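Asker: Sequence and predicted structure are below.
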Amino acid sequence: MDKYTKIISWSEDDKKFLVEIPELSGCMADGDTPEEALKNSKNVIAEWIETAQMLGHEIPYYDEKLMYA
(Lines give C-alpha, C1' and ligand atoms only; values in the text may rest on other atoms or scores of the structure.)
Protein backbone atom coordinates (compact mmCIF):
# COMPACT_ATOMS: atom_id res chain seq x y z
CA MET A 1 0.00 0.00 0.00
CA ASP A 2 2.78 2.44 0.82
CA LYS A 3 4.38 1.85 -2.56
CA TYR A 4 1.72 3.71 -4.50
CA THR A 5 2.64 7.21 -5.65
CA LYS A 6 1.15 10.01 -3.56
CA ILE A 7 0.95 13.57 -4.85
CA ILE A 8 0.23 16.18 -2.17
CA SER A 9 -1.28 19.54 -3.03
CA TRP A 10 -3.13 22.33 -1.28
CA SER A 11 -6.78 22.99 -2.19
CA GLU A 12 -7.66 26.64 -1.68
CA ASP A 13 -11.35 25.81 -2.26
CA ASP A 14 -11.43 23.10 0.42
CA LYS A 15 -8.78 24.64 2.69
CA LYS A 16 -7.29 21.15 2.97
CA PHE A 17 -4.26 19.24 1.79
CA LEU A 18 -5.15 16.68 -0.87
CA VAL A 19 -3.35 13.44 -1.66
CA GLU A 20 -3.92 11.91 -5.08
CA ILE A 21 -2.89 8.34 -5.89
CA PRO A 22 -2.44 8.40 -9.70
CA GLU A 23 -2.26 4.62 -10.16
CA LEU A 24 -5.73 4.22 -8.61
CA SER A 25 -8.22 6.18 -10.70
CA GLY A 26 -10.19 8.67 -8.61
CA CYS A 27 -8.44 7.71 -5.37
CA MET A 28 -7.88 10.79 -3.19
CA ALA A 29 -7.69 11.71 0.48
CA ASP A 30 -7.59 14.97 2.39
CA GLY A 31 -6.48 16.35 5.72
CA ASP A 32 -5.75 19.52 7.64
CA THR A 33 -2.01 18.87 7.43
CA PRO A 34 0.12 17.01 4.87
CA GLU A 35 0.77 14.33 7.49
CA GLU A 36 -2.93 13.85 8.20
CA ALA A 37 -3.73 13.66 4.48
CA LEU A 38 -1.02 11.00 3.99
CA LYS A 39 -2.33 9.03 6.98
CA ASN A 40 -5.87 9.22 5.56
CA SER A 41 -4.61 8.06 2.17
CA LYS A 42 -3.68 4.67 3.65
CA ASN A 43 -7.33 4.02 4.54
CA VAL A 44 -8.58 5.32 1.20
CA ILE A 45 -6.15 3.09 -0.72
CA ALA A 46 -7.23 0.03 1.29
CA GLU A 47 -10.90 0.83 0.65
CA TRP A 48 -10.27 1.45 -3.07
CA ILE A 49 -8.51 -1.91 -3.43
CA GLU A 50 -11.18 -3.75 -1.39
CA THR A 51 -13.97 -2.27 -3.54
CA ALA A 52 -12.14 -3.07 -6.78
CA GLN A 53 -11.64 -6.68 -5.63
CA MET A 54 -15.34 -7.03 -4.70
CA LEU A 55 -16.28 -5.78 -8.16
CA GLY A 56 -13.82 -8.14 -9.83
CA HIS A 57 -11.66 -5.33 -11.20
CA GLU A 58 -7.92 -5.64 -11.72
CA ILE A 59 -5.79 -3.95 -9.07
CA PRO A 60 -3.24 -1.67 -10.74
CA TYR A 61 0.37 -2.30 -9.84
CA TYR A 62 2.17 0.65 -8.32
CA ASP A 63 4.33 2.74 -10.62
CA GLU A 64 7.97 2.27 -9.64
CA LYS A 65 8.98 5.43 -11.45
CA LEU A 66 6.25 7.99 -11.97
CA MET A 67 6.67 9.79 -15.27
CA TYR A 68 4.68 12.87 -14.27
CA ALA A 69 3.71 14.83 -11.16
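Answerer: Done, it's in. These numbers come from a predicted model, not from an experiment.

Asker: Give the helix, strand or coil label for Thr51.
Answerer: Following DSSP: H, G, I helix; E, B strand; the rest coil, Thr51 is assigned to helix.

Asker: mind checking pLDDT for the residue nearest the centre of the chain?
Answerer: Residue closest to the mean C-alpha point of the chain, counted by Cα atoms, centre = their mean, is Ile21 at 3.2 Å. With respect to pLDDT, Ile21 has a value of 96.

Asker: just Glu35 next, same as before
Answerer: At Glu35, pLDDT is 97.

Asker: Now whichever strand or helix holds it: buried residues?
Answerer: Following DSSP states H and E, one finds Glu35 within helix 34-54. Within helix 34-54, the residues that count as buried by 16 or more other Cβ atoms under 10 Å are 37-38, 40-41, 44-45, 48-49, 52. The way it works is simple: take the backbone N, C-alpha and C, and place the C-beta from them, glycine included.

Asker: could you check the distance from Ser41 over to Gly56?
Answerer: 24 Å (Cβ to Cβ, to the nearest Å).

Asker: low-scoring stretches of the protein, by residue?
Answerer: 1, 64-69 (pLDDT under 70).

Asker: Sweet, I'm off.
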